[in-house]
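Visitor: make a model of this:
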Amino acid sequence: MTAPASDPGTPPLILAIESSCDETAAAVLDGPDSLRSSVVHSQVDIHRQYGGVVPELASRNHILAIDTVVADALQQAGAAFQDLRGVAVTAGPGLTGALLVGSEYAKAIAFSLDIPLVGINHLEGHLRAAALGTTPGFAPLTFPCVALLVSGGHTSIVHAEHPGVYTEVGRTLDDAAGECWDKVSKELGLGYPGGAIIDKLARDGNPAAIDMPRPMLHKGGDHFSFSGLKTYVLYHLREHGRPTGQDLHDLAASFQEAACEVLVKKTLRVARRLNVKDIVVSGGVACNRRLREMVLDAAGRRGLRVCIPPPSLCTDNAAMIGAAAYPRLARHIAGGAGFAEHTMNVSASWAVDDPPPEAVRTAAWDGPPL
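Guide: Below is the predicted model of the structure:
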């Protein structure tokens with residue numbers, strides 16, 4: 001099957017696919033800020049019994065889910081495969097097996113329709129998610145900005161001068177912030193994923209009850225380290241045992257306060273040094289209530305604007321991949337491009353400020369950044 005010629009006056013319709021970790025997602029867009037549908041299938045119930053994501057299980061379950069997820073996204077958009085003019089897919093970073101499921105599926109669709117395909121960096125997707133909408137009370141996405149991209153697999157501070165022009169100025173040197181939340185939750189016997197559980201408990205706790213360390217707050221430049229905070233909690237549990245009642249709420253609040261303070265202060269420090277007035281916070285940990293409160297308050301006192309997508313766009317989704325891909329694909333589609341990405345592959349360690357690796361790079365990446 002081949003896609004019919006598109007109407008020059010109609011914005012091209014693209015399909016985006018995300019499968020970098022444990023969410024299988026698809027979205028349909030007709031503009032960089034125009035979302036027609038977004039479907040996410042979570043594997044959290046599968047991985048909960050193991051206390052974290054099992055890569056082999058993630059890959060297998062992407063295979064089982066992806067047909068239905070893509071079909072649902074098309075149906076909700078009122079579209080068919082033949083209406084598509086381009087395909088975008090997460091090509092890294094992430095779990096190699098999981099990435100390959102989405103990449104090969106996207107490649108098959110693009111090949112069958114003879115339409116262009118582009119691989120997108122997962123972290124750029126998180127940064128560009130706010131183009132599709134922001135949480136009420138927060139600012140719209142504006143460039144230049146400093147972005148805190150924080151999740152279970154990644155923690156980075158990125159200077160985004162323009163769309164597509166990024167410099168990673170800080171990153172975690174060990175555990176990602178979300179990973180730290182998950183590990184602390186596991187040690188407390190609270191289950192997985194830990195972020196939402198600890199956030200809920202912390203609401204009724206005293207954040208000053210336990211004097212937790214703020215790792216690398218005043219050293220390490222713009223980088224993070226969360227292993228020391230996790231270790232502090234482990235030693236606290238060895239000495240005092242697993243807390244219950246109010247003590248559990250207090251420990252959750254104290255841990256969360258320490259982690260959020262480090263994230264916020266380091267991010268604002270970068271913004272001040274670079275003289276940037278706009279802050280973006282995105283990724284799964286950006287759903288955290290205390291992190292949102294703290295960054296909004298601290299930035300407001302410094303005259304900075306804060307942009308945070310709604311929770312549905314903070315966690316892994318394909319809409320953000322489409323938002324990042326759309327300008328590149330639209331330019332490529334306008335030039336009459338068809339499918340030419342037979343050898344496109346994935347890159348599990350693709351840094352957000354690096355050009356696409358040779359294995360990922362396709363013709364849609366040619367031209368100036370967008």
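
Visitor: separation between Val40 and Ala325?
Guide: 17 Å (C-beta to C-beta, to the nearest Å). All C-beta atoms are positioned from the backbone trio N, CA, C, and that covers glycine.

Visitor: more neighbours: those two, which one.
Guide: Ala325 (31 against 18; other C-beta atoms under 10 Å).

Visitor: could you list the domains of the chain?
Guide: 13-127+315-365, 134-308 (automatic domain parsing).

Visitor: any idea of the mean pLDDT in the shortest one?
Guide: Going back to what we said before, that points to domain 13-127+315-365. The pLDDT scores in domain 13-127+315-365 average 95.

Visitor: for the last one, same thing?
Guide: Domain 134-308 shows a mean pLDDT of 96.

Visitor: so how far is it from its chain's centroid?
Guide: 14 Å (C-alpha atoms, centre = their mean, to the nearest Å).

Visitor: sorry, back to before: most packed of the domains of the chain?
Guide: For the domains of the chain, average neighbour numbers computed from mean count of other C-beta atoms under 10 Å are highest in domain 13-127+315-365, which has a mean of 21.

Visitor: next, the distance between the ends of that domain.
Guide: 18 Å (C-alpha to C-alpha, to the nearest Å).

Visitor: show me where the stretch 101-250 of the chain has its strands.
Guide: For the stretch 101-250 of the chain, strands defined by DSSP state E, counting those that start in this stretch occupy the ranges 117-121, 145-150, 155-162, 165-171.

Visitor: dump those strands to TSV, plus distance to Asn61.
Guide: Listed next are those as TSV, based on distance: least, C-beta to C-beta, whole Å:
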stretch	distance to Asn61
strand 117-121	22
strand 145-150	25
strand 155-162	25
strand 165-171	29
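
Visitor: so which of those strands comes closest to Ala130?
Guide: strand 145-150 (9.2 Å; C-beta to C-beta).

Visitor: may I have that closest one exported as PDB, CA atoms only?
Guide: Extracted C-alpha coordinates of strand 145-150, given in PDB (Å, rounded to 0.1, in the frame of the first residue of the first chain):
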ATOM      1  CA  CYS A 145      15.400  27.800  28.100                       C
ATOM      2  CA  VAL A 146      17.100  25.700  30.700                       C
ATOM      3  CA  ALA A 147      15.400  22.200  30.900                       C
ATOM      4  CA  LEU A 148      15.500  19.800  33.800                       C
ATOM      5  CA  LEU A 149      14.800  16.400  32.300                       C
ATOM      6  CA  VAL A 150      14.200  14.100  35.100                       C
END
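
Visitor: can you give the contact residues for it?
Guide: Residues from elsewhere that reach strand 145-150 (C-beta atoms under 8 Å, 6 or more residues apart in numbering): 123, 126-127, 155-160, 176-178, 263, 267, 270-271, 274, 276, 278-286, 291, 295, 307, 352.

Visitor: and the helices in the stretch 251-370 of the chain?
Guide: For the stretch 251-370 of the chain, applying DSSP state H, counting those that start in this stretch gives helices covering 289-301, 311-314, 319-334.

Visitor: out of those, which is closest to Val53?
Guide: Here helix 311-314 is closest among the helices of the stretch 251-370 of the chain (C-beta to C-beta), at 17.7 Å.

Visitor: list the buried residues of that closest one.
Guide: 313-314 (16 or more other C-beta atoms under 10 Å).

Visitor: surely Asn206 meets Ala253?
Guide: Yes. Asn206 is within contact range of Ala253, at 5.9 Å (criterion: C-beta atoms under 8 Å).

Visitor: where do the contact lists of these two overlap?
Guide: By C-beta under 8 Å, 6+ apart, no residue touches both Asn206 and Ala253.

Visitor: need the contact partners of stretch 129-144.
Guide: Outside stretch 129-144, the residues within contact range by C-beta under 8 Å, 6+ apart are 32-33, 35, 128, 159-163, 274, 276, 278, 280, 282, 292, 296, 305-311, 313-314, 317, 319-320, 323.

Visitor: can you give me the end-to-end span of stretch 111-126?
Guide: 27 Å.

Visitor: how about stretch 11-22?
Guide: 31 Å.

Visitor: return the distance of it from the chain's centre.
Guide: On C-alpha atoms, centre = their mean, the centre of stretch 11-22 falls 13 Å from that of its chain.

Visitor: what's the answer for stretch 77-88, then?
Guide: 24 Å.

Visitor: just the CA atoms of it, as CSV, please.
Guide: Provided in CSV are the C-alpha atoms of stretch 77-88 (Å, rounded to 0.1, in the frame of the first residue of the first chain):
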residue,chain,number,x,y,z
ALA,A,77,-7.5,10.4,15.3
GLY,A,78,-10.1,9.4,12.7
ALA,A,79,-7.3,8.3,10.4
ALA,A,80,-6.1,5.3,8.4
PHE,A,81,-2.6,4.2,7.5
GLN,A,82,-3.1,5.6,4.0
ASP,A,83,-3.6,9.1,5.5
LEU,A,84,-0.1,9.2,7.0
ARG,A,85,2.7,11.3,5.4
GLY,A,86,5.5,10.5,7.8
VAL,A,87,6.5,8.3,10.8
ALA,A,88,8.6,9.3,13.8
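
Visitor: list of residues touching it?
Guide: 1, 3-4, 6, 12-17, 28, 36-37, 74, 106, 109-110, 112-113, 115-120, 321-322, 324-326, 329-330, 332-333, 364.

Visitor: doesn't Ala364 make contact with Gly164?
Guide: No. Gly164 is beyond contact range of Ala364, at 11.9 Å (criterion: C-beta under 8 Å).
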